[in-house]
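Chemist: here's a sequence, model it:
(chains A and B)
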Amino acid sequence: MSIHRLKVFILVGLLCFTSTQVHAMGIGFKICLASDSSGVVTDEGKPIEGAVVQRKVINDGKEYVDEVITGPEGTFFFSAIYERTLLKYVPFAQPVVSQEVTITFQGEAHSAWRLVKADWEYLGEVNSGQAIVKGNVKPMVMRCELSSQEYSRYAPDSARGLHGKCLLEWEEKPEK
Amino acid sequence: MDTLKPFDAASAANICYEAKASSHAVQDAIKLVSGLKEGFDFGNMSNFTGRSGAFFKVRSGFGFVAKRSGNTAKDEYLVAIRGTAGLADALTDGNIGLQVSDTGKFVHAGFNRVFDDIVVQLCERIPPGSDVHFCGHSLGGALATLAADWAAIKRSCNVKLYTFGAPRVGFKPFSERLTSGLGAENIYRVHRSTDVVPMVPIWPFVHAPQPGNTCRLANEGHYDPLSAHGRINYVESMKGNKWESLILPEAASLDVQASSVDLLSLSGLKTLGSTALALIGRVIAYILKAAGIVIQGAFVIGLTILDLISLLLEKAIQVSKEIASWVRILVEKVAQLVGIVITGTMDITMSFIRYVFQAMLRAVRSAVRCAMLGN
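Modeler: Numbers count the residues shown, from 1 in each chain, chains lettered A, B, ... in the order given. Down below sits the predicted model:
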């Protein structure tokens, strides 16, 4: 076998590792699949204790599910999810990471937010490319009013779509 | 058929990636783009899939077709094709061989194989003679380019093409025929000055329109090639823009630009950067033009681009002593730039040319990787 062919086989072999294997071995580059997110759940303005908040993140067919229960002040928090990949620096490989958060209270499910993360950056879900370049990012802190309608809008000053009942703490209430 | 606005075209190229996340992600995203939501019937849109990969094939969602809503004189469709979003696609991109496209021109083999799978589904959805907008980002832009060529030539469609950060798809005859088939004014090629993807594959692949204009965006702080290529950053750059403010006159094609001055300029090269790569491309084009060598015929099938460059330069050596000396100057300079020492008596054979250019491509890849890592 020529050296060239051997190199190709080694490369393909490395690329064939699943991200889990890559992660477990501590090789590859760190990527952010979902950033830290937190919020307060209210109903008619009153904090809701005991609501179940579930976050489902899907990247390239791999699913991560977290579930938390709101505290007495209606608060919840999800930690960021990171992975390692050998493809981080392949510009062709565009991230497509789905993130769906659902709040279940008294048997009723509410869509808190739905988005598709299109980069590997921390807080890339809700900040523009310009804000990320300048290091001027804002947090994913949500206000979730269960009695409100669902909103579909871009995160401020960006083309990052956000859908669901929760609003970013730092965004103005959309018109509809 | 009216031209899509830049933001709407970029959004379509972006939204079709979301088909990979979930079908309702596409419906969510469409709600935000009024130009698409109001213009096309997304309630009845159809998705299509594709098989990609070099050593193993994976089938996944590759885009959507939506029909213009309301009564129009002709059927009008929007077709958006996504780019790379996984391992299989990355392998496709690295598979730089050559194939003859559906319409008979040399194109990138990896792109063409994916397109061969998609075209069957497009056939079922797009009637002959329709008006069609094709949009795509990255690999999706390359596939949209092949689709536009197919629709114009094989289906007699009236086509507009919008690509964002797309790589080169075919040789000059392909790009020229695409340009004459669609009309240069119907090809909107958007790329960012710091995006590396539109710079590959290297010459003799060329962009369309050929000749024609391009839409080159400033770096806007996106020096990192990943963010420069990011699809969402292209969408953000299109916000509030009109095509008139984006279009710039494109420089003449490579072989028209190439001159003997380029040969002389080689000696001034000290490092292997984008300027050096552009100059090396022009010198290769100049040498082949002087040697009267035109890339055509079935002999290129099965060759990689490195094989082709090496083969053509070796042929050029045999044309005259003067041209042989130019090839030697070129190969020696490239060798010097990548740290290979050539002694005065060494023969410049095809395999040696290939070795030197392979080292050059390795160095370029390494430089790009360093740039990406922030070194």
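Chemist: so how far is stretch A:46-60 off the chain centroid?
Modeler: Relative to the mean C-alpha coordinate of its chain, stretch A:46-60 is positioned 12 Å out (C-alpha atoms, centre = their mean, to the nearest Å).
Chemist: now that stretch: buried residues?
Modeler: For stretch A:46-60, a neighbour-count test (16 or more other C-beta atoms under 10 Å in any protein chain shown) marks A:Ile48, A:Ala51, A:Val53, A:Gln54, A:Arg55, A:Lys56, A:Val57, A:Ile58, A:Asn59, A:Asp60 as buried. To be clear about C-beta, it is placed using only N, CA and C from the backbone, and glycine gets the same treatment.
Chemist: out of those residues, which touch chain B?
Modeler: Here is what survives when the buried residues of stretch A:46-60 are matched to chain B using C-beta under 8 Å from any C-beta of the partner chain: A:Ile58, A:Asp60.
Chemist: next one: B:Asp2 from B:Lys160, what distance?
Modeler: Summarising the geometry, the distance separating B:Asp2 from B:Lys160, computed by C-beta to C-beta, to the nearest Å, is 9 Å.
Chemist: which one of the two is surrounded by more residues?
Modeler: Applying other C-beta atoms under 10 Å in any protein chain shown to B:Asp2 and B:Lys160 shows that B:Lys160 carries more neighbours, namely 22 against 10.
Chemist: tell me which helix or strand in chain A has the weakest average pLDDT.
Modeler: For chain A, using mean pLDDT, DSSP states H and E, the weakest element among its helices and strands is helix A:19-25, scoring a mean of 50.
Chemist: number of residues surrounding residue 143?
Modeler: I went with chain A, as the question did not name one. Neighbouring residues of A:Arg143 were enumerated by other C-beta under 10 Å; the total is 17.
Chemist: let's do chain B instead
Modeler: A total of 29 residues lie near B:Leu143 under the criterion other C-beta under 10 Å.
Chemist: torsion angles phi and psi at residue 121?
Modeler: Let's take chain A. A:Glu121 adopts backbone torsions of phi -80, psi 150, taken as degrees, to the nearest 10.
Chemist: got the phi and psi for B:Glu185?
Modeler: The phi and psi values for B:Glu185, taken as degrees, to the nearest 10, are phi -70, psi -10.
Chemist: show me the contacts for the nearest residue to it once chain neighbours are set aside.
Modeler: Beyond its immediate neighbours in the sequence, the residue positioned closest to B:Glu185 (C-beta to C-beta, 6 or more residues apart in numbering or on different chains) is B:Gly212, lying 7.9 Å away. The neighbourhood of B:Gly212, defined by C-beta atoms under 8 Å, 6 or more residues apart in numbering or on different chains, consists of B:Thr179, B:Ala184, B:Glu185, B:Ile187, B:Glu250.
Chemist: quick check: the farthest pair among these?
Modeler: When C-beta to C-beta is used, the two most widely separated members of the contacts of B:Gly212 are B:Glu185 and B:Glu250, lying 12.9 Å apart.
Chemist: of the two, who's got more company?
Modeler: Taking neighbours as other C-beta under 10 Å, B:Glu185 and B:Glu250 compare with B:Glu250 leading, 17 against 14.
Chemist: gap between B:Ala291 and chain A?
Modeler: Distance from B:Ala291 to chain A, counting by C-beta to the nearest C-beta, to the nearest Å: 29 Å.
Chemist: that residue is in contact with B:Val319, isn't it?
Modeler: Yes. The criterion here is C-beta atoms under 8 Å, and B:Ala291 meets it with B:Val319 at 4.3 Å.
Chemist: the more surrounded of these two?
Modeler: Of the pair B:Ala291 and B:Val319, B:Ala291 is the one with more neighbours under other C-beta under 10 Å, namely 21 against 16.
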